[in-house]
Structures are given as structure tokens and as C-alpha cells.
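S.K.: How does the following fold in three dimensions:
(chains A and B)
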Amino acid sequence: MALEKITEVSGRGVTVAGDEIDTDRIIPARFMKCVTFDTMGDYLFYDVRKNEDGSDKKHPLNEERYQGASILLTGANFGCGSSREHAPQAIYRYGFRGIIAESYAEIFFGNCTTLGIPCFIAAKEDIAKIAAAVEADPSIEITLDVENEKIGFGSESVTAVIRETAKKALVAGKWDMIGELKEAETEVSSVAAKLPYMAK
Amino acid sequence: MGKSLFEKVWDAHTVRTLSNGQTQLLIGTHLLHEVTSPQAFGMLRDLNLKVAYPHRTFATVDHIVPTHSRVEPFADPLADAMINELRKNCADTGVTFFDMNTGKQGIVHVVGPEQGITQPGTTIACGDSHTSTHGAFGAIAFGIGTTQIRDLLATQTMALTQLKVRKIEVNGKLRPGVYAKDVILHIIRKLGVNGGTGFAYEYAGEVFEKFSMEERMTVCNMSIEGGARVGYINPDEKTFEYLKGRPYSPKGAEWEAAVEQWKSFASDADCDYDDVVAIDAADIAPTVTWGINPAQAITIEENIPSVDNVKDSEKAITAEALEYMKLEGGTAIKGTKVDVCFVGSCTNGRLSDFEEVAKYLKGHKVDPGVKAIAVPGSQIVDAICKEKGIDAIYREAGFEWREAGCSMCLAMNPDKLIGDQLSASSSNRNFKGRQGSPTGRTVLMSPVMVAAAAIRGEISDSREVFDIRETANA
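M.R.: Numbering: from 1, shown residues only, chains lettered A, B, ... in the order given. Next comes the predicted model:
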């Protein structure tokens, strides 16, 4: 299974400010009543974006000038809470291809990487700088340089971090692990054979 | 240098190192539910892959099942489609399914231990972040996403990065009226919602040694609320006692061998932890959340924090939380009016939770302004409660007694808050909108504190309501 090598992601940005933005906020549980991920993009940040009658609230994702943005800027511990992959699926299907945050919750981070979404960790001040640039000119291009761990925005750039295992997987085009995991069937059976609880 | 349980279990299940540096880890036990699995089975079909070890995957249905009626088809066609999809997926692949007609259905984290599927020294994964619950048995249990469920179904393995281990020792004696829920809320409050990122939490010390298996499950369950994907307690005689004779526990000569092996997984006395935190049990009081994440917690005696008296880094989130919760900083949380009271969930929906509340509920009535529901964590919990007359005590007091499921913990079923109702809840998350209404408010607490709130119609100190005194538990 050949996957795209994700060395660089670029596009316009939008800031959804705040720390501890949890997975219930990213995708409220009631929209998870489905057997596919197809419609998840429609419900991204639903309860903070929409009123109960379906009309728009004031939210960056509802602003005309940020339409088409593909890089999401946010705060600390992004994606905390549930293990629902519906959250990164919603982010991806809405159109985001990269995230910049101060930190990520563990399970969410892994789920994003598996979908090929680079999750960059940047300093609070640097995120504020990028956010200010986007605010001043929403059309500026943000570039997530996965290989060199750098974020370019307009003519400026800042250094950032992407976890080593994620970086390797993205750059090598091995972020979806199924192919590699399947290769080890024999080794898996021999580990299983040593564990009594694995017996039939 | 010795090894921690985490390291021993990790080593015993390691298949190899992958090209990105992660470990391919064998996951011996896979638990499934209806919400996060259908897409994984779909991916398998798309890739033309089979379930590699169907005898090591166990499914049940919990998130979407209505708790007021079991009549099928469910009124909600989406929920009905999900349960039927799971039935079909299990039948097609040979996965064991504890369906509603088995008498064994329930919340996946209640069912696993109850059936003896959860065992020490094993690796467990489930597409649910509260999978850490199973760590109470000395298992290493991970919450995972749907693509990983696919990986697990297809290979019985996952790609994982090894965690560091933080030992959290709670020594001393808990005061009367202080429960496992208070202990874990206290820990999360002290270490923060992201304090555990990158760590497995090993809970150790006198308090956890004295705890029953069910109390240990309450603590491990909420590890993820502190950012720790894994939480565990070393297995001991209580663990073995709990497991003996359960349907999936080893039998006969295999039992003795298993216990010996399980003992060998316990952390060595001389192992080197990445971090150690010590907490004095006497410092813990009945604890409630006031905000929009589980670390925003105070004891029942404290005032709600105000924006002025928190650190600069916490001012924004404090203001956001106070506004959402419609609470005033600097005032007492005690006396806050409640609309809904919920006893249940994978955190506090086990037999001992219902028994403990029942001890105090006799002779009391739920405040007329409160809707109170009790939702057993499994059909087995339900059956035992009925056998012991516990359900009758709840009903007599004015609680509705429901069928087993996740219910109001996450509102993927008909049990939801309406508008900005405030809920006193024995569940695990107080996120904005968590209980089904975009403006609904959740205050987390122990089941006995929920009962106290139900009776008084406001957040109350259970020790006052039920006259729980220093000598009571001595």
C-alpha cells in the first residue's frame, strides 16, 4: 500500500483559540451515531459554531475570510478527552491538513498521525505570532516543513517540533501502519504462543 | 535494577521495532463497542483483510442503548442501525458478542472484568479512552482510535510508543465519606489534566492496597482525565480472589499456574520510576468539579476559584469555565441547585457503588425538583441489585432505576440534559456539552455525593446529609 510521503503541508490558516479543547468540543457525541466517517466534516466544532436552530454563531470557521483554510492553529492539550477518531476525521474531512498547537493529548495525537495529519508543537509566543499574521492577512500561506521542523508564514518562519516517530512515519509515507504491521505475522504468532491467555 | 509492571508486560508483548521507531505490540485482549468499531470493520472489508484472532476480541453494546426501554427496533433509527451493524460484524467474523439477550451486556469496562476477560499481566485495547479501567487488575490497557481498531482486528497488534511510568503513592487513611472517586479527582486536580501525557500511572500505597477491585477500577478509569493513557495497580490477592471462578478465568491446574505468572508481573521493589508523587490520604475530602474539565475541582468545603485568585496561565480557562457553568467565583459550591442526578457509568456503575449509596438512601426522598436516575453498569450488576433489593431502595427514594448502559455519561442515547440543566454526576467528564445539551452543566462527584445532592436538591456535603462521622468507618 503506497502512501503519500508527507514532507511538507501548506495552506492558509485559521485560529481556534483556547486551551483544553476536548474531543466533545471538536465533535459532539450525538454526531457519532453513524457507521461511516463520511459526514464528520459537517459537524466539526458544531456546538461552538452553530446555534441550536442551526444558524451560525460567531466563530472563526464561520468567517468568510477564513474559508478554505487548511492549517489549524490552537492552544495547549488539544484533543483531550475521548479516543474517538471521529475528532481527527472531522478535522481532516472539513479540510484541515495540518495542526499547530502548544501540546496535544496522547490518543488524539496518535489518531491524527495515523490519518497523515502532521501535528506540530510550537511555543505559545510563536503560535501567537503566526495567529497575528493570519489575522492581519488571512491569505498568507503557512508551510509546515515536516522534514526540517519549521513553520513558514509569509516571509517569516519559526522552529517547531514534531514527535520523532510521527516525523519518520510521515516523511517515509508509512503513517498508516497496517502494511508494516501485517508483515510480522510469524513473529506475532511466536509472541502469542508464549502467552497462555492467548490460547484458544 | 528491577522492572515495573508496565515494562514487564510491555516486554512480554513486544513483537519488534517498527521503521518509525515505535514498537509493534501484541494486544492480547481486544474489547469492542458499537460506536468506534463499524468504520474499522468497513476498512477491513475495503482492504480485504480478515480478523486474525477472533477468539481474542469481545464485543458489547453500551453507548447508544436506551436505558428506559429495550424494545427493538430502537426509536432512534441511527442507534438501531449501529447495534445491528455490530451484530452483523461479530457474526461475520466470529467475535464473541455480549448482546442484550445474553444477560451479560453492559458497559464494556464493566463487562470485561465481570467476565474474567480482564486479567493481570495482559495487554488490552478498546476504542474508548476509559479502557485504562482494566489497569486495576495489573493489565496494561490502552484507549485507541478506529484505525487502530482496524490494525488490531487485522493483526492483533498496534504501533505504540513506550510510556514513562509515574508512581502515585497515596498513604495514610481516608477520612469517612471519602471515596475512590475523591481520590482520583484529587490526583487529577493536583497533577492537572495533561500532567500524565506520556506517562502510565502506577497507583500504589496503602489506600489502593485497601481498596476493593471496584474501587481500584474507579481510580484507573479516570487516568485519562489526567492525561495518562494507561493507569494500573499491581495485582495482589484481592485481584486473584475477584477473578477466581469467573467465566473466562483460568480453571483447575491452569488457575494455579496463572496466579503464579500474574504475581511475577508486579513491579519489583527496586524498580526505577521516571517520576514519583506522594499524596497523604488525610488531605483528601469529598471533591466536586466546578468547571469544564476534571482538574477544575475543589473540595465540598472550598469556594469556587475566582479569576482574580488563580495563576495568570489559568485566568482565561477559569473565566471561560465560570461563564459556561454560570457560577460565581469566590462563592461556595455547596448549595448550588441541581436539576439532574446520575449514578452510573464505567467510573461508578458497579455493584459496590449502588450498595454504598443504598446504605444511606433508606428513609430519604429525592427532592421534588430533581430528576434522579440510577443506571447499572451491566445486566449482571442490575440482576444482583434486584436480587438484593437495592433497586427497590432507589425507587422508594424517588430514583428511576434503568437498564444497563452508558446513559447520561455521554448522551449518545435518550438520556440527556435539557438546556442549561445542572447535573450532579458520578461519571467522568464535565466537558462543555458532554451530557447532551450544548449548554448543559456537569458537576462530577462520588455516587454518595450524588445521592446527597438528589435529596437536598443542591450540591451538598454527604457527610452532613447522611451523618457520616469520623467514627463511622473506623
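S.K.: Does the lengthiest helix in chain A pack against any helices or strands, and if so which?
M.R.: Criterion DSSP state H: the longest helix present in chain A is helix A:124-136. The contact analysis (3 or more Cβ pairs under 8 Å, 6 or more residues apart in numbering or on different chains; DSSP states H and E) places helix A:124-136 against strand A:13-15, strand A:71-73, strand A:98-101, strand A:150-153, strand A:156-159. No exception for glycine: its C-beta is placed from N, CA and C like everyone else's.
S.K.: To B:Val219, which of the ones you listed lies closest?
M.R.: strand A:98-101 (28.9 Å; Cβ to Cβ).
S.K.: What pairs with that closest one, parallel or antiparallel?
M.R.: Its sheet considered, strand A:98-101 pairs with strand A:71-73 (parallel), strand A:119-121 (parallel) by DSSP bridges.
S.K.: Just the helices from chain A, written as ranges.
M.R.: A:23-26, A:46-49, A:86-94, A:106-114, A:124-136, A:164-171, A:178-182, A:185-193.
S.K.: For B:Gln105, find the nearest of the ones you listed.
M.R.: Proximity to B:Gln105 (Cβ to Cβ) singles out helix A:86-94 among those, at 23.2 Å.
S.K.: distance between whichever helix in chain B runs longest and the chain's centre?
M.R.: Counting residues, the longest helix in chain B under DSSP H turns out to be helix B:77-93. Here helix B:77-93 shows a centroid-to-chain-centroid distance of 24 Å under the convention Cα atoms, centre = their mean, to the nearest Å.
S.K.: tell me what that helix is packed against?
M.R.: Packing contacts for helix B:77-93, counted by 3+ Cβ pairs under 8 Å, 6+ apart, involve helix B:38-47, strand B:57-60, strand B:96-98.
S.K.: Kindly report the residues of the stretch 351-474 of chain B close to chain A.
M.R.: Proximity of the stretch 351-474 of chain B to chain A, by Cβ under 8 Å from any Cβ of the partner chain, involves residues B:410-412, B:429, B:431-434, B:436, B:438.
S.K.: Mark which of the residues you listed are buried, thanks.
M.R.: B:410-412, B:429, B:431-434, B:436, B:438 (16 or more other Cβ atoms under 10 Å in any protein chain shown).
S.K.: which ones among these are found in strands?
M.R.: Of these, none are assigned to strands by DSSP state E.
S.K.: can you redo those residues as TSV with pLDDT?
M.R.: Below are those laid out as TSV (pLDDT from 0 to 100):
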residue	pLDDT
B:Leu410	93
B:Ala411	83
B:Met412	95
B:Arg429	98
B:Phe431	97
B:Lys432	97
B:Gly433	96
B:Arg434	97
B:Gly436	95
B:Pro438	95
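S.K.: Pull the most distant pair out of those.
M.R.: B:Met412 and B:Lys432 (16.2 Å).
S.K.: residue ranges with poor pLDDT in the chain?
M.R.: Using chain A here. Applying pLDDT under 70 to chain A flags residues A:1.
S.K.: hmm, I had chain B in mind actually
M.R.: Looking at chain B by pLDDT under 70, you get B:471-474.
S.K.: number of nearby residues for the residue nearest to B:Ser306 when sequence neighbours are not counted?
M.R.: Nearest in space to B:Ser306, with sequence neighbours left out and distances taken as Cβ to Cβ, 6 or more residues apart in numbering or on different chains, is B:Gly329 at 2.8 Å. Residues lying near B:Gly329 (other Cβ atoms under 10 Å in any protein chain shown) number 17.
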